[in-house]
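# got a predicted structure here, sequence first:
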Amino acid sequence: MRIPQLLLCLSLSMACISSKPTEKKERVHHEAPLSSKAHDDAQSFDYDHDAFLGADEAKTFDQLTPEESKERLGKIVSKIDEDKDGFVTVDELKAWIKFAQKRWIFEDVERQWKGHDLDGDGLVSWDEYKNATYGYIL
């Protein structure tokens with residue numbers, strides 16, 4: 001009687017040892033990156049420009065002279081300084097970056113919507129969507 005009990009204990013122990021551990025689930029919500037560019041300040045500040053200005057505005061700044069860029073950035077800093085105390089706090093900067101990113105998203109959605117609303121009535125029907133997306137003829 002001892003041998004069957006011993007075999008049962010051994011087989012249960014082996015099953016426990018060889019079983020796959022449960023998968024660990026990520027519990028932290030990660031925000032989307034602020035730019036698709038690499039974040040390496042030693043190489044370039046392109047990531048920071050995209051995050052701070054938004055991708056489209058950053059392209060515009062790349063074409064400006066240093067003087068024009070400085071003047072425009074000064075105007076933007078005035079907008080960022082919400083309490084108008086002459087300083088930009090971390091919270092004000094975070095709020096501005098979020099605003100710039102959301103603005104880009106909303107502008108992209110608006111552009112996509114106009115591209116799908118073929119008859120210009122403010123609504124996108126299924127036929128309009130299929131035509132704009134897949135090239136179906138209405």
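Received, thanks. Residues are numbered from 1 along each chain as shown.

# what about the helices in the protein?
Ranges of helices within the chain are 2-18, 46-53, 55-62, 66-80, 90-116, 126-134, based on DSSP state H.

# buried deepest among those helices, which one?
Of those, the one with the most neighbours on average (mean count of other CB atoms under 10 Å) is helix 46-53, at a mean of 20. For glycine as for every other residue, the C-beta is placed from the backbone atoms N, C-alpha and C.

# could you dump that helix to CSV, C-alpha only?
Provided in CSV are the C-alpha atoms of helix 46-53 (Å, rounded to 0.1, in the frame of the first residue of the first chain):
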residue,chain,number,x,y,z
ASP,A,46,13.4,65.8,-33.1
TYR,A,47,11.4,63.8,-30.5
ASP,A,48,11.2,66.9,-28.2
HIS,A,49,10.1,69.1,-31.1
ASP,A,50,7.3,66.7,-32.0
ALA,A,51,6.2,66.3,-28.4
PHE,A,52,6.3,70.0,-27.7
LEU,A,53,4.9,71.5,-30.9
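
# from the chain's centroid, how far away is that helix?
13 Å (CA atoms, centre = their mean, to the nearest Å).

# mean confidence for it?
Helix 46-53 shows a mean pLDDT of 76.

# so where is the chain shaky, pLDDT-wise?
Within the chain, the stretches with pLDDT under 70 are 1, 6, 10, 12, 14-36, 136-138.

# swap the cut-off to 90 and go again
Within the chain, the stretches with pLDDT under 90 are 1-79, 86, 93, 96-120, 127-138.

# give me the number of residues near the closest residue to residue 100 other than its chain neighbours?
In space, and not counting its chain neighbours, residue 100 is closest to residue 54: 4.2 Å by CB to CB, 6 or more residues apart in numbering. Close neighbours of residue 54, defined as other CB atoms under 10 Å, add up to 22.
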